[in-house]
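J.: Have a look at this fold, sequence not included:
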């Protein structure tokens, strides 16, 4: 069962979180009326709330540094956005980011955690290059750790910020439905991958919400690469092609565009194409420029830092178990048009 927080007490008592902090830090006199103090204490008793003494003792000796530890995020095309978002959010609140990378090596990871703890960082952001379930290292205290782009394998053990992949898949279909398409295929990512599975679910959600069946012959699960998109599209587009295709990512979409060109199908005149990722130096430069779903990595880095610092500044543990899903908006460009038939 999740431990009640000062935020829970504030909501029960109908006061601000600062008011709760005043009561339990001994600063209520002169700031709050006796009646308000009593209401807060009663709400705390009802919820079984007790202030975190360890966190309170740390409030006066913060270092102003957050440790950001990743598996191999520095090699990801989206890494810069996440790190920049984290750094900007930290700087806005008087903190700096100390970034370390493990290379997915457990020994290197343990060394990095030991180094960050030795530097007495105020908390941790544990980030992943690819959305996955992860075994969070024991050295990362759930009360002072937020996960970014990954989920704890033990459900409810850590707070996490991830992308709403299912909503993004739905958005990709919705933009095609709005353009008038009814015969839409999915060339999706590999089965068993969290992002690919959720994007496929979102694809199905969008069609069903519009009253259309999801035909098995219109759903292919392949991979993430250009050659996989190309090969799959050759099969899908040769006979009785759909009027539109939703793709696993922008690389698969590039393969679809190549296959359409080989088969003499114009895009978007005869076939509309939607990608996913809004990959730098790619999506906007394809011909035609690709309509795609954007991954909010900058916002994810910032949100992870803000969740952590909210807890640090309140002298409370991070609300372990919460998962925040960030919206994945559609970026409309030139690869979608009304169907020709």
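T.: Great, that's in hand. Quantities reported herein were computed from a predicted structural model and do not represent experimental measurements.
J.: so where do the strands sit in the stretch 101-250 of the chain?
T.: 123-134, 145-152, 159-163, 184-188, 219-221, 244-247 (DSSP state E, counting those that start in this stretch).
J.: on contacts alone, who are the packing partners of whichever helix or strand residue 10 is part of?
T.: Secondary structure assignment for residue 10, by DSSP states H and E: helix 6-13. Under the contact criterion of 3 or more C-beta pairs under 8 Å, 6 or more residues apart in numbering; DSSP states H and E, helix 6-13 touches helix 17-24, helix 34-47. Using the backbone N, CA and C atoms, a C-beta is placed for each residue, glycine as well.
J.: mind listing what's buried in that helix?
T.: Under the neighbour-count criterion of 16 or more other C-beta atoms under 10 Å, helix 6-13 has 6-10, 12-13 buried.
J.: Between the helices and strands packed on helix 6-13, which has the poorest mean confidence score?
T.: When those are ranked by mean pLDDT, helix 17-24 comes last with a mean of 77.
J.: Which elements pack onto that one?
T.: Secondary-structure packing of helix 17-24 (3+ C-beta pairs under 8 Å, 6+ apart): helix 6-13, helix 34-47.
J.: and the angle for it with helix 34-47?
T.: Between helix 17-24 and helix 34-47, the angle comes out at 90 degrees (axes from the mean of the first three to the mean of the last three C-alpha atoms, to 10 degrees).
J.: contacts for helix 17-24?
T.: 6-7, 9-10, 13, 27-28, 31-32, 36-37, 40-41, 44, 51, 56, 314-315 (C-beta atoms under 8 Å, 6 or more residues apart in numbering).
J.: Now do the buried residues in it.
T.: 17, 19-24.
J.: which element follows the least confident helix or strand in the chain by mean pLDDT toward the C-terminus?
T.: The weakest-scoring helix or strand in the chain, judged by mean pLDDT, DSSP states H and E, is helix 53-58 (a mean of 48). Downstream of helix 53-58, the next assigned helix or strand under DSSP H and E is strand 65-70.
J.: Pairing partners for that next one, with directions?
T.: Using DSSP bridges, strand 65-70 pairs in its sheet with strand 96-101 (parallel), strand 123-134 (parallel).
J.: How are the helices of the stretch 201-341 of the chain distributed by residue range?
T.: 226-238, 250-263, 297-314 (DSSP state H, counting those that start in this stretch).
J.: Ok, which of those helices comes nearest residue 152?
T.: Set against residue 152 and scored by C-beta to C-beta, the helices of the stretch 201-341 of the chain come closest in helix 297-314, at 13.7 Å.
J.: for that closest one, packing partners?
T.: Other helices and strands packing on helix 297-314, by 3+ C-beta pairs under 8 Å, 6+ apart, are strand 65-70, helix 79-92, strand 123-134, strand 145-152, strand 159-163, strand 323-326.
J.: Compare the ones you listed and give me the one nearest residue 268.
T.: Between the helices and strands packed on helix 297-314, strand 159-163 lies closest to residue 268; by C-beta to C-beta that is 26.2 Å.
J.: Domain map for this structure?
T.: Structurally, the chain divides into domains by automatic domain parsing as follows: 6-51, 64-163+298-326, 165-295.
J.: still on that earlier bit, and the strands paired with strand 65-70: which comes nearest residue 197?
T.: Distance to residue 197, taken as C-beta to C-beta, is lowest for strand 123-134 among the strands paired with strand 65-70, at 10.4 Å.
J.: Compute the inter-axis angle for the closest one and strand 159-163.
T.: 60 degrees.
J.: what's the spacing between strand 123-134 and its chain's center?
T.: In terms of C-alpha atoms, centre = their mean, to the nearest Å, the centre of strand 123-134 is found 10 Å from the chain centre.
J.: got it, and stretch 162-176?
T.: Centroid displacement of stretch 162-176 relative to its chain, using C-alpha atoms, centre = their mean, is 13 Å.
J.: can you pull the contacts of residue 260?
T.: Neighbouring residues of residue 260 by C-beta under 8 Å, 6+ apart: 233, 237, 266-267, 270-271, 273.
J.: Grab the nearest non-local neighbour of residue 22.
T.: With sequence-adjacent residues excluded and distances taken as C-beta to C-beta, 6 or more residues apart in numbering, residue 22 is closest to residue 28, at 4.5 Å.
J.: Could you export the helices and strands packed on helix 6-13 as a markdown table, including distance to residue 323?
T.: Compiled in a markdown table, these are given as follows (distance: least, C-beta to C-beta, whole Å):
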| stretch | distance to residue 323 |
| --- | --- |
| helix 17-24 | 21 |
| helix 34-47 | 22 |
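J.: Quick one, which of those helices gets closest to residue 169.
T.: Closest to residue 169 of the helices and strands packed on helix 6-13 is helix 17-24 (C-beta to C-beta; 35.9 Å).
J.: quick check: angle from that closest one to helix 6-13?
T.: Orientation check (the same axes, to 10 degrees): helix 17-24 against helix 6-13 gives 100 degrees.
J.: Offset the numbering so it begins at 45, please.
T.: Happy to do that; since the first residue is 45 now, the last one works out to helix 61-68.
J.: what distance separates the start and the end of stretch 143-151?
T.: Terminal residues of stretch 143-151 lie 17 Å apart, using C-alpha to C-alpha, to the nearest Å.
J.: Residue 200 touches residue 367, doesn't it?
T.: No - using C-beta atoms under 8 Å, residue 200 makes no contact with residue 367, being 9.0 Å away.
J.: check contacts around residue 302.
T.: Applying C-beta under 8 Å, 6+ apart, we find residue 302 in contact with 270, 274, 277.
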